[in-house]
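Colleague: sequence? don't have it. structure:
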């Protein structure tokens with residue numbers, strides 16, 4: 001058993017995060033008992049890294065992975081100390097869902113996710129869904145991949161074709177390093193400057209629960225950003241704060257960022 005299990009769970013106020021941590025502890029204990037790797041369901045990286053921090057130094061190696069680098073939904077893997085953590089051991093499979101654009105509107109992430117969940121599959125069995133032209137690639141738990149292939153027939157009202165893929169990796173996102181000057185380190189000001197969208201539009205998206213800092217949802221437009229923060233504005237892009245350099249003669253803040261679109 002893990003020492004301080006009760007203390008760990010008692011320290012978590014959010015019910016969803018506490019449940020995720022309890023399930024992760026069960027997986028860690030099973031990995032130690034059976035000497036085989038064990039894995040959680042899919043979750044957002046904020047929960048995953050919080051779990052990793054809580055469960056370090058428990059005679060297990062911990063790895064976080066979601067099927068590809070930069071996944072927005074991931075699993076936590078627990079590997080016995082004598083083994084080497086390996087991404088290939090994670091029980092994740094990519095499933096292609098394709099359709100004919102001639103006879104359909106362009107389908108959205110919501111269409112594809114809704115069609116998968118409509119099969120009775122829980123959210124923790126479903127990872128990222130990558131949209132590419134007339135198809136989507138959904139990363140799902142290995143134990144339900146074949147079920148999705150056999151049973152998924154429509155996304156929305158559109159007929160789809162479904163198959164398993166081997167070794168699919170999304171295309172690299174465009175990366176641009178920028179030096180910005182901003183009036184303040186508020187999230188709305190920083191995202192507006194980094195992503196070249198209006199302050200009003202940025203504020204709308206943040207209030208609409210589309211913004212995440214280090215994978216934690218942020219809804220306050222006045223949230224202050226720090227060096228090394230990873231900021232995601234869903235549907236728009238991601239910004240990494242590489243360095244806060246200082247202030248200019250006009251008292252604006254000079255920063256280096258990397259922008260992913």
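Modeller: Structure received. Here the structure is a predicted model, which means the values were calculated and not measured.

Colleague: Got the phi and psi for residue 223?
Modeller: Residue 223 adopts backbone torsions of phi -60, psi 130, taken as degrees, to the nearest 10.

Colleague: Report the buried residues of the helix or strand where residue 33 lies.
Modeller: Secondary-structure assignment from DSSP states H and E places residue 33 in helix 15-34. For helix 15-34, a neighbour-count test (16 or more other CB atoms under 10 Å) marks 17, 20-21, 23-25, 27-29, 31-32 as buried. C-beta here means a position set from N, CA and C on the backbone, and glycine is covered the same way.

Colleague: just stretch 111-123 next, same as before
Modeller: Applying 16+ other CB under 10 Å to stretch 111-123 flags 111-113, 115-116, 121 as buried.

Colleague: I'd like those laid out as JSON lines, including pLDDT and distance to residue 11.
Modeller: Listed next are these as JSON lines, based on pLDDT from 0 to 100; distance: CB to CB, whole Å:
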{"residue": "111", "pLDDT": "96", "distance to residue 11": "39"}
{"residue": "112", "pLDDT": "97", "distance to residue 11": "37"}
{"residue": "113", "pLDDT": "97", "distance to residue 11": "32"}
{"residue": "115", "pLDDT": "97", "distance to residue 11": "38"}
{"residue": "116", "pLDDT": "98", "distance to residue 11": "34"}
{"residue": "121", "pLDDT": "97", "distance to residue 11": "31"}
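
Colleague: what's the helix or strand following the helix holding residue 33 packed up against?
Modeller: Remark: after helix 15-34, the chain's next helix or strand is strand 38-39, criterion DSSP H and E. Here strand 38-39 touches helix 15-34, strand 75-80, going by 3 or more CB pairs under 8 Å, 6 or more residues apart in numbering; DSSP states H and E.

Colleague: That'll do, ta.
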